[in-house]
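**Q** Next one to model:
(2 chains)
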There are 2 protein chains.
Amino acid sequence: METRNGTLWLTADEQSSWRIHLEVGKLLTHRLDRELRPFGLRYSDYEILAHLSESPGHRMRMSDLVRATLHYKSRVSQQVTRMETAGLVYREICESDRRAQYVVLTEQGRETIRMVAPHHVAAVREHFIDLLPADLPATLCKALTPVAEHLRAVRGKA
Amino acid sequence: METRNGTLWLTADEQSSWRIHLEVGKLLTHRLDRELRPFGLRYSDYEILAHLSESPGHRMRMSDLVRATLHYKSRVSQQVTRMETAGLVYREICESDRRAQYVVLTEQGRETIRMVAPHHVAAVREHFIDLLPADLPATLCKALTPVAEHLRAVRGKA
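**A** This next block holds a predicted model:
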């Protein structure tokens, strides 16, 4: 059946699939947040620690970090300030381009992610991966990669 | 390979699958937000209009609406206040239980969702559904329903 602007309405499966996708995303983020609380971290802190620990020299340009987290620049900046106060990261101004700021993992930040990662992985297994059919992770990667690429490409466009 | 606490590390597909799941969720929410902007709505407003329009009498208890949106009570309450000011909903106190508050769609709220729904569906198609293999929506529903049930059940628990 068509809508008034000629688009096909969604079938029941189509309708449920994107709603449940968003719902699981919200619930999983809440849950990972909760599981990190005993370590004094939020999921968004862990994300930043993980991005930095996977980067060469454990450092990233602020602009790349903003892009990687998909949050607003002001939010990431405030968060980096909190993580600096907690001793997990520090900021560094680039000598050759003084407008470019880097965020660098401290030794304490590295130790924190080493200590927390096994617990975080256990939570990801318990609350997501181990609940899925064994072949689903590969199916999801294949199907969602073009969706993510499309959404990144149109990001910020009207 | 096992982590220090005996959990199996994630395979490459497992690792990518939950990250891309969360990433697509964030990007899609941003995009749907952007697509609703010409109508003066945010995605979270649309969510509330949709929940109410699908409920008997176009009304829901505030506590059920909070549960359905998965947001914090204070956030939903502020949002309902904004939507009241915009004439889309109104609050009603239950006569038999004065602590129970209802949120009700106004005639303008009903007309708004009737007008916006076709555009919203077109956006969901363009940015998600139509990019997936045809059999994926059914696969996603089947695989993610138990994950959502599990996450709802453990929600708020330590």
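
**Q** Need the pLDDT of the residue nearest to A:Leu88 when sequence neighbours are not counted.
**A** Distances taken as C-beta to C-beta, 6 or more residues apart in numbering or on different chains place A:Gly109 nearest to A:Leu88, at 3.9 Å, with adjacent residues excluded. Using the backbone N, CA and C atoms, a C-beta is placed for each residue, glycine as well. With respect to pLDDT, A:Gly109 scores 97.

**Q** contacting residues around stretch A:31-47?
**A** For stretch A:31-47, the external contacting residues (C-beta atoms under 8 Å, 6 or more residues apart in numbering or on different chains) are A:29, A:49, A:69, A:71, A:79, A:82-83, A:86, A:88, A:112-113, A:115-116, A:119-120, A:123-124, A:127, B:151, B:154-155, B:157-158.

**Q** before we move on, the earlier item: what strand or helix carries the residue nearest to A:Leu88?
**A** Element membership of A:Gly109 [criterion: DSSP states H and E] is helix A:107-127.

**Q** Which strands and helices lie in contact with that helix?
**A** Packing partners of helix A:107-127 (3 or more C-beta pairs under 8 Å, 6 or more residues apart in numbering or on different chains; DSSP states H and E): helix A:12-36, helix A:43-53, helix B:136-154.

**Q** Please compute how far the second one lies from its chain's middle.
**A** This means helix A:43-53. 8 Å (C-alpha atoms, centre = their mean, to the nearest Å).

**Q** And the longest one, by the same measure?
**A** For helix A:12-36, the distance from its own C-alpha centre to the chain's C-alpha centre is 14 Å (C-alpha atoms, centre = their mean).

**Q** Just the buried residues of that helix, please?
**A** For helix A:12-36, the neighbour count (16 or more other C-beta atoms under 10 Å in any protein chain shown) marks A:13-32, A:34-36 as buried.

**Q** On the pLDDT front, check the residue of chain A found nearest chain B for me.
**A** Nearest residue of chain A to chain B: A:Gly25, at 2.9 Å (C-beta to the nearest C-beta). According to the prediction, A:Gly25 has pLDDT 95.

**Q** Please give me every residue in contact with it.
**A** Contacts for A:Gly25 (C-beta under 8 Å, 6+ apart) come out as B:21-22, B:24-26.

**Q** just A:Arg125 next, same as before
**A** A:Arg125 is in contact with B:7-8, B:10, counting by C-beta under 8 Å, 6+ apart.

**Q** Just the buried residues from these, in PyMOL please.
**A** Listed next is the PyMOL selection for buried residues among these, using 16+ other C-beta under 10 Å:
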select buried, chain B and resi 7+10
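
**Q** Indicate which one of the helices and strands packed on helix A:107-127 is closest to A:Pro137.
**A** A:Pro137 lies closest to helix B:136-154 among the helices and strands packed on helix A:107-127, at 10.1 Å (C-beta to C-beta).

**Q** now the closest one, how far from the centre of its chain.
**A** Per C-alpha atoms, centre = their mean, the centroid offset for helix B:136-154 relative to its chain is 15 Å.

**Q** Alright, that wraps it up for me.
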